[in-house]
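> Following is a predicted model, sequence given first.
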Amino acid sequence: MFTKTKKILFGFLAFFAVLLIAGCQSSPSQSSKTNKSSQTDKSPQTIKAPQDLTKDQQGTWKWTDQQMTIQKVFLASNIKKLAAVLMLDDFDKVKMTMTIKDKTVELKYHFDYRKLYEDQAFATGENKANYESYLKNKTAEFKNYIPNLKHTKITLDEPNYAYDYSLTGEIDTQKHTITFPETPTFLSRIVMGTTYNSLVPITYTYTVEGNQLTLYAEGKDEQSHFRVIRLRFNYVEDNH
């Protein structure tokens with residue numbers, strides 16, 4: 001009798017387990033509907049086409065070939081050869097960028113000029129003991145120059161012998177030109193134009209090859225000497 005009751009109890013348990021498993025499994029049609037629904041909910045992703053830099057220069061460009069550019073500026077000036085050689089290395093760490101947004105072009109950089117003036121002092125035979133006073137005199141000259149700028153923004157960090165520079169211009173994509181209301185400059189005398197005057201406007205013609213943009217200008221300086229300036233930038237960022 002006990003054995004029979006035990007068999008009946010096990011039978012009920014087995015039947016209940018089958019029902020429980022069947023209830024947990026979804027039907028193939030229901031599973032298919034769920035998958036289709038989840039796929040429908042996913043919105044398609046838009047793949048952006050690569051930017052054609054020859055037609056669209058929008059974005060941020062980083063200055064390159066620093067020494068080559070500055071060397072040509074030095075050659076056109078009366079700076080001593082030793083000073084030029086020493087000072088060239090002081091531009092390697094300068095991170096100048098040019099950002100183009102719509103028709104607006106912003107040129108900016110940060111420059112620590114202490115080492116440059118120390119190299120200049122050494123090349124001119126200045127006693128090392130006088131370097132600090134030399135630096136202070138050069139900084140004072142620079143401070144007197146800054147108020148003459150009408151469009152260029154310079155924030156001087158006098159204790160650290162450094163400054164931030166910003167100049168806004170305009171791009172003309174039809175003429176392939178970029179114009180600034182004043183000529184880009186380092187400090188007051190390293191002028192990246194065709195004259196020695198940083199207060200005059202300048203228009204560069206630009207070309208694009210691959211991911212490199214070149215600014216080019218030519219003309220005669222104050223002594224009627226023909227001068228050429230090139231600034232090269234590599235494309236680094238899309239700001240669309």
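Received the coordinates, thanks.

> Off-centre distance for the strand or helix carrying L215?
Using DSSP states H and E, L215 sits within strand 212-220. Computed by C-alpha atoms, centre = their mean, to the nearest Å, the chain-centroid distance of strand 212-220 equals 19 Å.

> again with stretch 223-240
For stretch 223-240, the distance to the chain centre is 14 Å (C-alpha atoms, centre = their mean).

> coming back round to it: tell me the helix or strand right after the strand holding L215.
Trace forward from strand 212-220 with DSSP H and E and the next one is strand 226-237.

> Name the SS class of the nearest residue to D90 once chain neighbours are set aside, please.
Spatially, and ignoring its direct neighbours in sequence, D90 is nearest to L116 (4.2 Å; C-beta to C-beta, 6 or more residues apart in numbering). All C-beta atoms are positioned from the backbone trio N, CA, C, and that covers glycine. Each residue gets one of three states, and L116 gets helix by DSSP: H, G, I helix; E, B strand; the rest coil.

> re the thing from before, which parts of the strand holding L215 are buried?
Of the residues in strand 212-220, L213, L215, A217 count as buried by neighbour count, 16 or more other C-beta atoms under 10 Å.

> Check stretch 193-209 too.
G193, T194, T195, Y196, S198, L199, I202, T203, Y204, Y206, V208.

> next one: that stretch to chain centre, how far?
20 Å.

> would you put the C-alpha positions of it in PDB?
Extracted in PDB, the C-alpha atoms of stretch 193-209 (Å, rounded to 0.1, in the frame of the first residue of the first chain):
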ATOM      1  CA  GLY A 193      54.900  88.400 -43.500                       C
ATOM      2  CA  THR A 194      56.600  90.200 -46.300                       C
ATOM      3  CA  THR A 195      57.600  93.300 -44.300                       C
ATOM      4  CA  TYR A 196      59.000  94.000 -40.900                       C
ATOM      5  CA  ASN A 197      55.700  95.700 -39.800                       C
ATOM      6  CA  SER A 198      53.300  93.400 -37.800                       C
ATOM      7  CA  LEU A 199      50.600  96.100 -37.700                       C
ATOM      8  CA  VAL A 200      49.700  95.900 -41.300                       C
ATOM      9  CA  PRO A 201      47.100  93.400 -42.700                       C
ATOM     10  CA  ILE A 202      48.300  90.400 -44.800                       C
ATOM     11  CA  THR A 203      46.600  88.100 -47.300                       C
ATOM     12  CA  TYR A 204      47.900  84.600 -47.700                       C
ATOM     13  CA  THR A 205      47.000  82.400 -50.700                       C
ATOM     14  CA  TYR A 206      46.400  78.900 -49.500                       C
ATOM     15  CA  THR A 207      46.700  75.500 -51.100                       C
ATOM     16  CA  VAL A 208      45.800  72.000 -49.800                       C
ATOM     17  CA  GLU A 209      47.600  68.800 -50.600                       C
END
